[in-house]
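Undergrad: Provide a 3D model corresponding to the input given below.
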Amino acid sequence: MEKVLVTGALGQLGTELRLLTAGRPEFIFTDIREEDGIRRLDICDPAAVAALLDEASVGTIVNCAAYTDVNRAESDRALCQAINADGPGVLARAAARRDAALVQISTEYVFDGRNPKGYTENARRHPLSVYGSSKRDGEDRVRRSGCRGIILRTSWLYSPFGRNFVKTMLRLGAEKSEVSVVDDQVGSPTYARDLAEAILAICPKIGTRRGEYYHFTNDGVCSWAGLAAAVMREAGLPCRVRPISTAEYPSPAVRPACSILSKERTCRDFGIRLKAWEDALRDCLKRL
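TA: Okay, the predicted model is just below:
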């Protein structure tokens, strides 16, 4: 049986994939540190990657490993580039040698966010941050390798696990009577469980695709302040959300003002149905 290798298994998306595939022996989970049921793998180590793919007869790789601290990346460029660009290149070249398929997870940060209508899959990329540039470079390494697979971009990821905006709002909502949240950045929140389910549906249908771009988020659009208000409302927290501008909340990294991604190609080619972001948020909060 060909195996499915999932990297970054301790992250939000990797954790959801582990939960959804519990008991399925064809899935192998790895991360930079070893834990129960998770093998250690440095995706930047070509010899280690090649050895694991050969040993386990891997037919599909889902690369969830990523450097995701957008602000810290501005001063940690080398590590960010290694994980987000060099690592995917190593995985892609190893996949090409085995004719394995690769699902590379990417981000809306490859775009500059200046188009208020949002972005189709083949829109011009123009990242504004170190993080965005590193993810763009990762996309390029995958495409240059010629391996089978797709590049799947997502945005505003959250889950019951790890650090994310929804969990931060829940914590602050329980501690404060008011929080100030940016209201002039818009996008589509993505529940990691829904993204994981989409990936599991997509993997068997990759076929001969090579380096094609696809997008997945939950359906609908909101601002960060709108998402925060929905968290407070659904969780029954009395905390007020005060909308502010990006200029009032400076950060080391420049963030896209518009992170809307078109999902038409994903829905058409893979038969994916999108859940409204409000419904997805309710589903996540029930688990918290």
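Undergrad: where do the strands sit along the stretch 151-288 of the chain?
TA: Under the criterion DSSP state E, counting those that start in this stretch, strands of the stretch 151-288 of the chain are mapped to 157-158, 178-182, 186-187, 190-191, 210-215, 222-223, 240-244.
Undergrad: my guess is residue 3 meets residue 55, correct?
TA: No. In this structure residue 3 lies outside contact range of residue 55 using C-beta atoms under 8 Å: 9.6 Å. Backbone N, C-alpha and C define where each C-beta goes, glycine included.
Undergrad: And these two? Which one has more around it.
TA: With neighbours defined as other C-beta atoms under 10 Å, residue 3 and residue 55 compare such that residue 3 has more, 19 against 10.
Undergrad: Next one: that one relative to residue 189, how far apart?
TA: According to C-beta to C-beta, to the nearest Å, residue 3 and residue 189 sit 32 Å apart.
Undergrad: Can you report how many residues neighbour residue 57?
TA: Neighbours of residue 57 under the rule other C-beta under 10 Å: 12.
Undergrad: can you give me phi and psi for it?
TA: Main-chain torsions, residue 57, degrees, to the nearest 10: phi 50, psi 50.
Undergrad: pLDDT score assigned to it?
TA: Note for residue 57: predicted pLDDT of 95.
Undergrad: List the contacts of residue 227.
TA: 156, 165-166, 169, 189, 277, 281 (C-beta atoms under 8 Å, 6 or more residues apart in numbering).
Undergrad: Identify the residues contacting the closest residue to residue 254 other than its chain neighbours.
TA: Take residue 254 and drop its neighbours on the chain: the residue closest to it by C-beta to C-beta, 6 or more residues apart in numbering is residue 128, 4.1 Å away. Neighbouring residues of residue 128 by C-beta under 8 Å, 6+ apart: 109, 112-113, 253-256.
Undergrad: Scan those residues and report the most crowded one.
TA: residue 109 (28 neighbours).
Undergrad: wait, that one sits on residue 131?
TA: Yes. Here residue 109 reaches residue 131: they are 5.7 Å apart, a contact under C-beta under 8 Å.
Undergrad: helices or strands up against the longest helix that the chain contains?
TA: When the chain is scanned for its longest helix (criterion: DSSP state H), the result is helix 130-145. Judged by 3 or more C-beta pairs under 8 Å, 6 or more residues apart in numbering; DSSP states H and E, the packing partners of helix 130-145 are helix 70-73, helix 77-81, helix 87-98, strand 101-107, strand 148-154, strand 210-215.
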